[in-house]
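# show me how the following folds:
(one chain, ligands or ions: 1)
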Amino acid sequence: MDLSLIVRGIIKKRRTTPPEDFNGKKVDHQIVQEILDAANWAPTHGQTEPWRFIVYEYAKVSKFGQLHAELYKKNTDPDVFLEKKYDKLLHRADKASHVIVVYLKRTDKKNIPLNEEISAVACAVQNMLLVATSHNVASYWGTGGMCYDPSMKEAFKLEEEDLMMGFIFLGKTQNDDLAEGKRNSSIGDKTIWI
Ligand SMILES: Cc1cc2nc3c(=O)[nH]c(=O)nc-3n(C[C@H](O)[C@H](O)[C@H](O)COP(=O)(O)O)c2cc1C
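Coordinates of the predicted model:
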């Protein structure tokens, strides 16, 4: 089969799938290793390779839910604290096979602007999501909840200038189904050819 057709097919097939839609089946450890390896091949200005990962696998994913929910409870004013949100954070990963915490490690090469380091980590994440899709693994890249709260950085022992980049939930869906993708406008509307 034409390689370009395969790559473009995977790019279009990739969908953000809420972890609540996973079916609870596990993804092979080896596949997740491949997904991580794909991250390491992202473009990187100055070879800084700023992507970093913390992986919760199988039974450990509940620890992620507990950590996230407790950070929310401890760091939220009781006046605005919502039990419903606490429960959602606690149970979000219940049907996930893996949760991968993604962060950016700011290296000593400060001549590389931060926006380029963020770009490199985002490319690493996209590599991961595409390899996941190629294995019929459903994925969700989320930055909600306490992702950007200083307490999250502290929990994972990030340094001051490092950045949280989100959480990737991986799992399986019934019959490997993924939702249809949609875009608000075509690429033609976003491109000028000179
Ligand atoms: C940096 C980043 C952060 C995101 N965070 C969230 C999030 O917190 N919650 C969520 O539902 N989706 C999140 N998404 C996924 C988007 O909602 C999703 O990409 C968009 O709806 C397009 O759908 P698609 O990924 O299926 O093409 C995030 C995407 C990116 C790139």
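# secondary structure class for Val101?
State at Val101, reduced to three classes by DSSP: H, G, I helix; E, B strand; the rest coil: strand.
# now it: how far from the ligand?
Distance, Val101 to the ligand, by CB to the nearest ligand atom, to the nearest Å: 14 Å. To be clear about C-beta, it is placed using only N, CA and C from the backbone, and glycine gets the same treatment.
# that residue reaches Lys157, doesn't it?
No: between Val101 and Lys157 there is no contact under CB atoms under 8 Å: 11.4 Å.
# give me the element the residue lying closest to Arg106 once chain neighbours are set aside is part of.
Spatial nearest neighbour of Arg106, excluding adjacent residues (CB to CB, 6 or more residues apart in numbering): Glu161 at 4.1 Å. According to DSSP states H and E, Glu161 maps onto no helix or strand at all.
# what does the one 4 residues further on give?
Secondary-structure assignment from DSSP H and E places Met165 in strand 163-171.
# off-centre distance for that strand?
Strand 163-171 sits 3 Å away from the centroid of its parent chain (CA atoms, centre = their mean, to the nearest Å).
# how many neighbours does the residue nearest to Arg106 have?
Neighbourhood size, Glu161 [other CB atoms under 10 Å]: 12.
# pLDDT score for it?
You'll see Glu161 listed with a pLDDT of 97.
# go on, Met1?
Looking at Met1, its pLDDT reads 75.
# returning to what we had before: who has more neighbours, Val101 and Lys157?
More crowded of Val101 and Lys157, by other CB under 10 Å: Val101, with 22 against 8.
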